[in-house]
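*Asks:* Please work out how this folds:
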Amino acid sequence: MKIKEVADRLKISQRAIRFYEDKGLITPSKQDDNQYRMFDEEDIWRLQTIIALRESGMAVSDIRAALSDIEAQGNSQLRYFLELQRSVMFSKWVEMKQIIETTDEMIETLKENHVLPLDDIYTLAEGSRRLREQRAWQDKWGFDSLASVHDQLVKEDKQKYRDYDEALRLIVKWVSPIFGERGLDIGTGTGNLLGRLINEGAVMAGVDQSNEMLKECQRKFSEIETKLGNFLALPYLDGKFDFVVSSFALHHLTRVQTLMAIQEMRRVLKTHGRICIADLMIDREECAVCEDDEEYIPLYELVNLFENNGYITKHLKINELLHVVLAVPIR
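*Replies:* Numbers count the residues shown, from 1 in each chain. Sure thing, here's the model as predicted:
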């Protein structure tokens, strides 16, 4: 098939096809006598894949890597690249919503005061910039490398994962999912909490920053939906879930990020959606016994964050560091 026929079939320009050839994404054969490009079915498949990935916003360099990995590892790697692209797009979408909110604040200030002082513009812009910087997520913990041994570590690390089973049991009890309710587990890891909620009849989805953790989760629970993402940019549209849960993950966030995470959780929840979290936190009365307390948010701070954002809460202390918090919206 010649280049014009391919362009007509795929509804793209010949120039675009030549561009992808120049970038090394396709290598059509050429006739000996006139050097006309000839495209076989494999070339057509590659072009269709390229067009689809470009439509998703993927860069040419990432498409080249994706095509190489697809040939070596099959479609599971393509799914990873698409999930990664989706996660990036959701981060940009959440950031754009923040920019719109900042602009709305400027408009409201101007409407009320009939003037927008430069100091006010600067303050709003600085606040927006700081939030954007906080949302820049990085994997500082190497969870991909821990995925294959995570469940074993949970059993063996009696200090970090002390009372792990009790914490997960209490989340399930407090959430008490009604059969068919949709739940989201953030930082799902290998899906230990998610699996317990499935057994109670919930329809679960899991989000994690680690592709390898999600692979382990899929091996255990092939029927559930998993997506790459994190607390600060959940890869779902608004109002999708009846409840959100998380265990042993929130303590990786800064104080500012924790507030942002709560706002993201509320965004993806239905109107009366509830949140339940089990994590390592410090109690004001016991700060002295916690040598690395700077890593953990104080329980009262988390409770205040929820209550200042329209929730009523209850909480239970399981051991010196481990607490479970349930948050239900007032309205």
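
*Asks:* I'd say Thr258 and Tyr296 touch.
*Replies:* No - at 10.9 Å, Thr258 does not count as touching Tyr296 under the criterion of Cβ atoms under 8 Å. The way it works is simple: take the backbone N, C-alpha and C, and place the C-beta from them, glycine included.

*Asks:* Any regions of this protein where pLDDT drops low?
*Replies:* Applying pLDDT under 70 to the chain flags residues 56-57, 69-89, 91, 98, 116, 118, 120-141, 284-295.

*Asks:* mind checking how far the most centrally placed residue in it is from Ile330?
*Replies:* The chain has Gly229 as the residue nearest its centroid, 1.4 Å off, counting by Cα atoms, centre = their mean. According to Cβ to Cβ, to the nearest Å, Gly229 stands 27 Å off from Ile330.

*Asks:* ditto for Gln209
*Replies:* Distance, Gln209 to Ile330, by Cβ to Cβ: 31 Å.

*Asks:* For these two, indicate the residue with more neighbours.
*Replies:* Applying other Cβ atoms under 10 Å to Gln209 and Ile330 shows that Gln209 carries more neighbours, namely 21 against 9.

*Asks:* And the more buried one, how far from Arg182?
*Replies:* Distance, Gln209 to Arg182, using Cβ to Cβ: 21 Å.

*Asks:* Quick check: neighbours of the helix or strand that contains Gly273 in the sheet, parallel or antiparallel?
*Replies:* According to DSSP states H and E, Gly273 maps onto strand 269-280. Taking DSSP bridges as the criterion, strand 269-280 pairs within the sheet with strand 241-247 (parallel), strand 322-329 (antiparallel).

*Asks:* In JSON lines: these, plus mean neighbour count and distance to Asn113.
*Replies:* Below are those laid out as JSON lines (neighbours: other Cβ atoms under 10 Å; distance: least, Cβ to Cβ, whole Å):
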{"stretch": "strand 241-247", "mean neighbour count": "24", "distance to Asn113": "38"}
{"stretch": "strand 322-329", "mean neighbour count": "22", "distance to Asn113": "33"}
